[in-house]
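K.L.:
What shape does this take:
(chains A, B, C and D)
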2 protein chains.
Amino acid sequence: MRLSNLADYAVVTMCQAARHCGGGRVSAAELASETGLPAPTVQKVVSKLTSAGLMRSVRGAGGGLQLARPAAAISLADIVEAVEGPIALTACVDSEDCAIHDNCSVKPHWPIVNNALRGALADIPLTRLARTEDMARTEELA
Amino acid sequence: MRLSNLADYAVVTMCQAARHCGGGRVSAAELASETGLPAPTVQKVVSKLTSAGLMRSVRGAGGGLQLARPAAAISLADIVEAVEGPIALTACVDSEDCAIHDNCSVKPHWPIVNNALRGALADIPLTRLARTEDMARTEELA
DNA sequence: GTGAAATCGGAACGAATCAGTCCGATTTAC
DNA sequence: GTAAATCGGACTGATTCGTTCCGATTTCAC
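P.N.:
Residues are numbered from 1 along each chain as shown, chains lettered A, B, ... in the order given. As a prediction, this is how the structure comes out:
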């Protein structure tokens, strides 16, 4: 029930990239120094984010990265799925190598749980995560 | 974003125990043979469930297990937390050994995400998972 | 045309958590 | 008092994950 570290770093990286959205392209090294994350880790993260279509990359000198869509159109579910694959609590959905196969009475209920979970993450846009600390505090109290 | 196998087995075990709720106590070996799970694994699972207060155990000859509360009062979040600990996507909440410490702008937003996620799981009672397959199918279509 | 800069893809090492199994301690029934 | 059956905790092996590094490709600047 815990997010992988890579997915956590992906969220941080995307938030930082959202701040540079107006300023055009940003290099991966720049994002690393701003967030405090190791540079190789950021490289691996942005690699997954670009292949998932969440970021656009421009190669060569003067190149860099930028969000493929507006920050408001990117949800937390998109970032998590880009790094960790489909949101599914169990392996039942895509593979049949379960220990109890067909005798499992819980199996038909997992899709409902997965959808509920995904919906909770899809309701959180990137813009909400990129706010300042003060705004978040008032948000918690509400 | 995936549940551990032990948590998965815990859900299956609790569902099976819910069916024996009216019949008094059930042995761990009985639950193992009915679900098809390995007996030692079931032992490990029920150990965590009893220590969490979800099950009551009676030792000695003729002893067994039974649900501590009615199945309707046990949610999926309870079972997951009993096996995997508190529902938290990141380690930020309970420890400070984050790589980026205080410079992390996303940190204040995680409690909101965790609450949303926990709420989604808390809305699914054990009775809903113990239904038959037909009822679940109609539920999906709805 | 040449050099420098920056991203992309894959592979390899190390660590940590997890699944599975076993044996001992405790308690009840006869 | 004996015996049977249960729960509880500890140990070992394995799989996965996190992290790092290197070479290949592409573009701008001079």
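
K.L.:
can we go C-alpha only for contacts and neighbour counts from here?
P.N.:
OK.

K.L.:
where exactly do the strands run in chain A?
P.N.:
When assigned using DSSP state E, the strands of chain A occupy the ranges A:55-58, A:64-67.

K.L.:
Run through who's touching the first one.
P.N.:
For strand A:55-58, the external contacting residues (Cα atoms under 8 Å, 6 or more residues apart in numbering or on different chains) are A:V46, A:L49, A:T50, A:G63, A:G64, A:L65, A:Q66, A:L67, A:A68, A:R69.

K.L.:
so what's the first one scoring on pLDDT?
P.N.:
Turning to A:V46, the model gives it a pLDDT of 89.

K.L.:
re the thing from before, can you flag the buried ones in the contacts of strand A:55-58?
P.N.:
Listed as buried from the contacts of strand A:55-58 are A:V46, A:L49, A:T50, A:G64, A:L65, A:Q66, A:L67, A:A68; burial here means 16 or more other Cα atoms under 10 Å in any protein chain shown.

K.L.:
How much space separates the fifth one from A:A17?
P.N.:
Okay, so that is A:L65. With distances defined as Cα to Cα, to the nearest Å, the gap from A:L65 to A:A17 amounts to 8 Å.

K.L.:
same check, this time on A:V45
P.N.:
Counting by Cα to Cα, the separation of A:V45 from A:A17 is 12 Å.

K.L.:
go on, A:A120?
P.N.:
Spatial separation of A:A120 from A:A17 under the definition Cα to Cα is 23 Å.

K.L.:
same check, this time on A:G85
P.N.:
Using Cα to Cα, one gets 22 Å for the distance from A:G85 to A:A17.

K.L.:
Same question for A:A10.
P.N.:
Relative to A:A17, and taking Cα to Cα, A:A10 is found at 10 Å.

K.L.:
if we can go back for a sec, which one's more surrounded, A:V45 and A:A17?
P.N.:
Between A:V45 and A:A17, A:A17 has the larger neighbour count (other Cα atoms under 10 Å in any protein chain shown), namely 25 against 22.

K.L.:
For the more buried one, give me its contacts.
P.N.:
Contacts for A:A17 were tallied using Cα under 8 Å, 6+ apart; they are A:V26, A:L31, A:Q66, A:L67.

K.L.:
from what I can see A:D123 touches A:A73, true?
P.N.:
No. If you go by Cα atoms under 8 Å, A:D123 and A:A73 don't touch, sitting 10.7 Å apart.

K.L.:
any idea of the pLDDT on the nearest residue to A:A130 once chain neighbours are set aside?
P.N.:
Taking Cα to Cα, 6 or more residues apart in numbering or on different chains as the measure, A:A130 lies nearest to A:C15, with 5.4 Å between them; neighbours along the chain are not counted. According to the predicted model, the pLDDT of A:C15 comes to 87.

K.L.:
if I look at A:C15, how far off is B:L129?
P.N.:
As judged by Cα to Cα, A:C15 and B:L129 stand 37 Å apart.

K.L.:
neighbour count winner among these two?
P.N.:
For the pair A:C15 and B:L129, the greater number of neighbours falls to B:L129 (25 against 22), based on other Cα under 10 Å.
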